[in-house]
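Peer 1: okay, predicted coordinates and the sequence, questions at the end:
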Amino acid sequence: MAMPAHPVNTRRKGPAVGPMSSSTPSWTDDLPVCHLSAIGFSTNQVYRADGGREEEHEFEDRCFHFKCDDIYLYGVFDGHSGVHVADFVRQRLPVELLLGQLTDVEDDFSVKKILQQAFLTVEAAFFETIDAALAEKMKLKLQLPEGLSDYELYQKYPKEVEKLQSLDSEIIGGTSAILALIHKGKLYIASVGDSRAVLCTREPDNKLKVRQLSIDHTIDNEDEQLRLSQLNLDVAGIQQATGLYGRGLAGHPTTRSIGDYSFKGGYRDIEVLSYAASEPVIAEPEVIGGLPITGLSGFLLVFTNGLIKSIEETTDTSQLNMDIAYRVAAEFQIQSTLSGVAQQVVDKVVRNHHDTYLSGMERAQYCQKRDDITLLLRNFDYPLWSSVSPLGSSVSPLPGYNPVTVPYSPHRTETSLSLFIPSPTPPTLTHSISQTPIITGIPSVTPSSVPITQPIFVDVSNPNIPNSPSSSHTSTIESQPSSGTSTPQKYDPTHTNSTGTQGSTNSDTQSSPFLFQRLSEPRDTNSQAEPDEEGYIEPYVDFTDFMRAYEAAANEIHYSQEA
């Protein structure tokens, strides 16, 4: 049996699901992957009142991240009405860019022209694959009598109607597409649709500058409104009709895309678009670049509209790009891999969205379901915590995510333990004079320094007296105490005081109870086993002194910032 010219819009068989999976094998499967990048994703979900979730449709996002010689190519494709167009574009766009087309091309104008032509060529190739389906559909429609309703047609001609539906599944559908190309030390972005590219760079003053490099091609974009009005379309009428169709351009999510034959070759059959002088939905991309990236410290984010909508529905934020950049920067502090950063950002957005639905509060009405999400991350020398922590360190250098309790060990150890408490105030979001969004409060990080957040160093032997944040930048307390700071208490299981709790070699601190009570401390076993009136049992760990230490440290930071 001959293979079909392109993937049919049917659900994949087998367990493979993800933006880099494909309905059919492709030559791109063997292209070298760029290990300076990573993907995070989540499938669409519809929520149920009982807390359950289910997919509304198959996963329709696709992407790639390749490195071929000195060329880096990244693509994210947000498919709709099926995955076949996104699959086709994912496989064909690299053909137009990685087979010598960019060799010896250096000027920005020529690179932009090649990118623009690649989008148009790929769409034309896709339309060629559906020529046979279009011809067969037209032949079937001519054989069916006119004047019958869809229900009557199905009752009298079920096989023909099912065949028409199968052909429609091959014809309809499209995808947003966004490409990021790094060539000759410059970054180029080409896009159609509503997926985004955001570049986050760390400036000399250690602020994180956030810049959107792509255009949202939607009916709300003023440039797109002007383009449509020049086609003799009533933009105000289209916007009013959007309320009837639910979203986008007469039900279509974007004003530019690849595929979507019914909104291109068949746009005259749509009432609000029928007066257009030419196709209102186009595949011509807007290309930005080239931006020099030599010596850049930061990261590039390319993500689908599903991530945008999920955050908007949950938070109603007016600074979405900055919100996403902050989330990614925070994960850089605690993850050891780029994949961990990208996937954790997506996972937390997904969890927040579902939790908002379950909360039943005001914004729950906007969180009934969510779309597919794909986030592509490309790093430009922005440090992961694994790159700034010594190899083999047994104590995490990440102040915000250390476990509170210290594991008990029956053996003597020469390694002292300290308690890190992060500043309770997160980095603030501000705007520079040029109105470019930036994030402040993120200091410089080098391989010889600690991660972004400066810890408050607290002596656990006397939690009411926090040390100066500058007194130590290490995750252990083997260093000698400096003037004006207290010596952190060593953990010595063999040294106990008369009460059975851990003792201290410092006579000044023996009167202060140790922050964490050992589990082996004698206690009333009967009271431990019996719950109180509210069903709770006595805790194994007393956090009273810990909370006092935290409040004292937080107040010190607050007052120092005000000063």
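Peer 2: Perfect, thanks for sending it.
Peer 1: every contact and neighbour count from this point should use C-alpha atoms.
Peer 2: Fine.
Peer 1: what segments of this protein are helices?
Peer 2: 84-92, 108-129, 131-143, 150-156, 158-171, 222-229, 235-245, 305-315, 320-332, 338-359, 385-388, 525-529, 544-562 (DSSP state H).
Peer 1: what is the neighbour count of Leu376?
Peer 2: 25 (other CA atoms under 10 Å).
Peer 1: my guess is it contacts Phe303. True?
Peer 2: Yes: under the criterion of CA atoms under 8 Å, Leu376 makes contact with Phe303 at 6.1 Å.
Peer 1: before we move on, back to that, any chance of the helices of the chain in CSV, plus mean neighbour count and distance to Cys367?
Peer 2: CSV is the format used below for those (neighbours: other CA atoms under 10 Å; distance: least, CA to CA, whole Å):
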stretch, mean neighbour count, distance to Cys367
helix 84-92, 26, 26
helix 108-129, 17, 34
helix 131-143, 13, 38
helix 150-156, 12, 34
helix 158-171, 17, 28
helix 222-229, 16, 28
helix 235-245, 15, 19
helix 305-315, 20, 6
helix 320-332, 20, 17
helix 338-359, 19, 5
helix 385-388, 20, 34
helix 525-529, 10, 42
helix 544-562, 15, 35
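Peer 1: and the ones you listed, which one's lowest on average pLDDT?
Peer 2: When these are ranked by mean pLDDT, helix 525-529 comes last with a mean of 48.
Peer 1: if we can go back for a sec, give me the common contacts of Leu376 and Phe303.
Peer 2: Applying CA atoms under 8 Å, 6 or more residues apart in numbering, one finds that Leu376 and Phe303 are jointly contacted by Val76.
Peer 1: any low-confidence regions in the protein?
Peer 2: Flagging of the chain using pLDDT under 70 yields the residue ranges 1-24, 241-248, 250, 386-531, 534-541, 557-563.
Peer 1: again, 50 this time
Peer 2: Within the chain, the ranges that satisfy pLDDT under 50 run 1-15, 243-246, 390-523, 525-528.
Peer 1: circling back to that earlier point, and Asp78, which of the helices of the chain is closest to it?
Peer 2: With respect to Asp78, and counting by CA to CA, the nearest of the helices of the chain is helix 84-92 at 6.9 Å.
Peer 1: that closest one - contacts with which helices or strands?
Peer 2: When contacts are defined as 3 or more CA pairs under 8 Å, 6 or more residues apart in numbering; DSSP states H and E, helix 84-92 sits against strand 61-68, strand 71-80, helix 108-129, strand 174-183.
Peer 1: of all the ones you listed, which lies closest to Thr294?
Peer 2: Thr294 lies closest to strand 174-183 among those, at 10.8 Å (CA to CA).
Peer 1: what does stretch 348-368 rub up against?
Peer 2: 42, 46-47, 49, 51, 307, 310-311, 313-315.
Peer 1: how far does that stretch stretch from one end to the other?
Peer 2: For stretch 348-368, the first-to-last residue distance is 17 Å (CA to CA, to the nearest Å).
Peer 1: and stretch 213-223, by the same measure?
Peer 2: 16 Å.
Peer 1: check stretch 270-284 too.
Peer 2: First-to-last distance for stretch 270-284 - CA to CA - comes to 21 Å.
Peer 1: wait, which of the helices and strands packed on helix 84-92 is closest to Gln333?
Peer 2: Ranking these by distance to Gln333, with CA to CA as the measure, places strand 61-68 first at 23.6 Å.
Peer 1: remind me what the closest one packs against, helices and strands.
Peer 2: Against strand 61-68 (3+ CA pairs under 8 Å, 6+ apart) you get strand 71-80, helix 84-92.
Peer 1: the inter-axis angle of the longest one versus helix 305-315?
Peer 2: Here strand 71-80 points in a direction 60 degrees away from that of helix 305-315 (axes from the mean of the first three to the mean of the last three CA atoms, to 10 degrees).
Peer 1: can I get the CA coordinates of strand 71-80 in PDB?
Peer 2: The C-alpha trace of strand 71-80 is given here as PDB (Å, rounded to 0.1, in the frame of the first residue of the first chain):
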ATOM      1  CA  ILE A  71      23.700  27.100  12.200                       C
ATOM      2  CA  TYR A  72      21.200  26.900  15.100                       C
ATOM      3  CA  LEU A  73      17.600  26.500  14.100                       C
ATOM      4  CA  TYR A  74      14.600  26.400  16.500                       C
ATOM      5  CA  GLY A  75      10.900  26.100  15.600                       C
ATOM      6  CA  VAL A  76       7.600  25.900  17.500                       C
ATOM      7  CA  PHE A  77       4.300  25.200  15.800                       C
ATOM      8  CA  ASP A  78       0.900  25.500  17.400                       C
ATOM      9  CA  GLY A  79      -1.400  23.400  15.300                       C
ATOM     10  CA  HIS A  80      -5.200  23.700  15.300                       C
END
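Peer 1: what angle sits between it and helix 84-92?
Peer 2: With the same axes, to 10 degrees defining the directions, strand 71-80 sits at 170 degrees from helix 84-92.
Peer 1: direction included, what does strand 71-80 pair up with?
Peer 2: Strands that pair with strand 71-80, judged by DSSP bridges, come out as strand 61-68 (antiparallel), strand 174-183 (antiparallel).
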